[in-house]
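In: sequence first, predicted coordinates after that:
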Amino acid sequence: MRHYKADLHIHTLLSPCGDLDMTPDTIVRLAKTRGLDMIGITDHNTTKHGKLACEYGREAGIFVLTGAEVTTREEAHCLAFFDAYTDLDAFECFLQENLPDILNDTDKFGYQVQIDREQNIVYEEPKYLPAALGKTIEEVAGKVRSLNGLFIPAHIDRPKFSIPSQLGFIPFDLNVDAVEISRNTSCDDYMAKHKFVKKKTFIQSSDAHYPRQIGEACCIFYMESLSFEEVRLALHQKDGRMVKI
């Protein structure tokens, strides 16, 4: 098996909390410089920069997982990734349909802009992207499953905006591909306190909002090659594939 260094939780400037220097090309360039083989583009409740990041990734030899960091009705954050662009587009429609009509306050939260390859602003999202969708954790997970995607509860060690912080636990029947911890803890420390995740696959990511944070936390995927289905196999520890922090 080959090993691949991955940081699967990175925000672009489209997220209001993302620094304006977090353009897709900058993210890919810094990922390459810092020895990453795979990254995940996970803006809040939108997938709009995924395809552009993929273009830069193909040129640089970086495998890009496209998706979003979803805020469920319970205000829990979850990562969702998709392989086919048709599925990515379908999920973007789902997000737009369920994002509440709360206008973004640029002075308070920051800008939410989408750019093209020439660095031109082509769209500014008027709705506040991190707002909670009108869908539950189970409903979001079900939608991701229907589109053959990957569903990963985000930063489960955090005291807010995680499934455990909002529910007190991760539902035993919630179909997840892995769980994510932040850079602030270790897998062993978390499992010692929370036995209910003992059999889950863990990933660790930077949750980067600024260029300096890209790759600060990462994990290693052991796979035959860089592909979406190989990632799925590694997350489920199938056929010798695995993930280590």
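Out: It's in. The shown structure was predicted, so the numbers you read here are calculated from the model rather than taken from an experiment.

In: which helix or strand contains residue 94?
Out: Applying DSSP states H and E as the criterion places residue 94 in helix 85-98.

In: right, I mislabeled it, should have said residue 25
Out: helix 24-33.

In: tell me what that helix is packed against?
Out: strand 38-41, helix 50-60 (3 or more CB pairs under 8 Å, 6 or more residues apart in numbering; DSSP states H and E). Where C-beta positions appear, they are placed from N, C-alpha and C, glycine not excepted.

In: tell me what angle that helix forms with helix 50-60.
Out: On the basis of axes from the mean of the first three to the mean of the last three CA atoms, to 10 degrees, helix 24-33 is oriented at 40 degrees to helix 50-60.

In: could I get the CA-only coordinates of the least confident helix or strand in the chain by mean pLDDT as CSV?
Out: Lowest by mean pLDDT, DSSP states H and E among the helices and strands of the chain is helix 187-193, with a mean of 84. Coordinates of each C-alpha in helix 187-193 appear next as CSV, following Å, rounded to 0.1, in the frame of the first residue of the first chain:
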residue,chain,number,x,y,z
CYS,A,187,-7.3,9.9,19.1
ASP,A,188,-6.1,8.0,22.2
ASP,A,189,-7.1,10.8,24.6
TYR,A,190,-10.6,11.1,23.0
MET,A,191,-11.3,7.4,23.0
ALA,A,192,-10.2,7.0,26.6
LYS,A,193,-13.0,9.4,27.6
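
In: next one: it to chain centre, how far?
Out: Counting by CA atoms, centre = their mean, to the nearest Å, helix 187-193 is centred 22 Å from the centre of its parent chain.

In: packing partners of that helix?
Out: strand 202-204.

In: just the mean pLDDT for the strand it packs on, thanks.
Out: For strand 202-204, mean pLDDT is 96.

In: what do you get for stretch 222-236?
Out: Stretch 222-236 comes out at a mean pLDDT of 98.

In: again, but for stretch 41-51
Out: For stretch 41-51, mean pLDDT rounds to 98.

In: all the helices of the protein, residue numbers only.
Out: Secondary structure of the chain, counting by DSSP state H: helices at 24-33, 50-60, 85-98, 106-109, 137-146, 163-167, 187-193, 228-235.

In: show the contacting residues for residue 140.
Out: Taking CB atoms under 8 Å, 6 or more residues apart in numbering, we find residue 140 in contact with 70, 72, 78, 80, 133, 151.
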